[in-house]
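> Would you be able to build a 3D model of this:
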Amino acid sequence: MDKVNSAAGTLDTFAAVHPQLADVDFRDQANLVDVPVYWSRAGTRREGARYLPSSSSMR
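Numbers count the residues shown, from 1 in each chain. Next up, the predicted model:
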């Protein structure tokens, strides 16, 4: 019964929110999003690579 209620709630929410967002163009409204991005470089050492199967053995 919880699955039915969950699905019904999702559909009710969609029916309520969709008309409000139908005229919003997010390409114009949010052309720049300030979200930090972190890059990490592992280097040349690949310790775990020796434990992975090679691509030829996976065929």
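> so where's this structure shaky on pLDDT?
The model of the chain has pLDDT under 70 over residues 41-59.
> quick one: the helices in it?
2-21, 26-29 (DSSP state H).
> most tightly surrounded among the ones you listed?
helix 2-21 (a mean of 9; mean count of other C-beta atoms under 10 Å). (Glycine included, C-beta is placed from N, CA and C.)
> What is that helix packed up against?
Counting by 3 or more C-beta pairs under 8 Å, 6 or more residues apart in numbering; DSSP states H and E, no packing neighbours are recorded for helix 2-21 among the helices and strands.
> Would you format the helices of the chain as CSV with distance to W39 included?
Output for the helices of the chain, formatted as CSV (distance: least, C-beta to C-beta, whole Å):
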stretch, distance to W39
helix 2-21, 33
helix 26-29, 26
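> And H18, how close does it get to V33?
In this view, H18 and V33 are 22 Å apart by C-beta to C-beta, to the nearest Å.
> start to end distance for stretch 22-31?
18 Å (C-alpha to C-alpha, to the nearest Å).
> hmm, who's touching that stretch?
Residues outside stretch 22-31 that contact it (C-beta atoms under 8 Å, 6 or more residues apart in numbering): none are found.
> re earlier: among the helices of the chain, which comes closest to Y38?
Y38 lies closest to helix 26-29 among those, at 24.3 Å (C-beta to C-beta).
> Extract the C-alpha set from that closest one and format it as CSV.
Presented in CSV, the C-alpha positions along helix 26-29 are these (Å, rounded to 0.1, in the frame of the first residue of the first chain):
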residue,chain,number,x,y,z
PHE,A,26,16.4,27.5,-17.1
ARG,A,27,18.9,28.4,-19.8
ASP,A,28,18.0,32.0,-19.3
GLN,A,29,17.1,31.9,-15.6
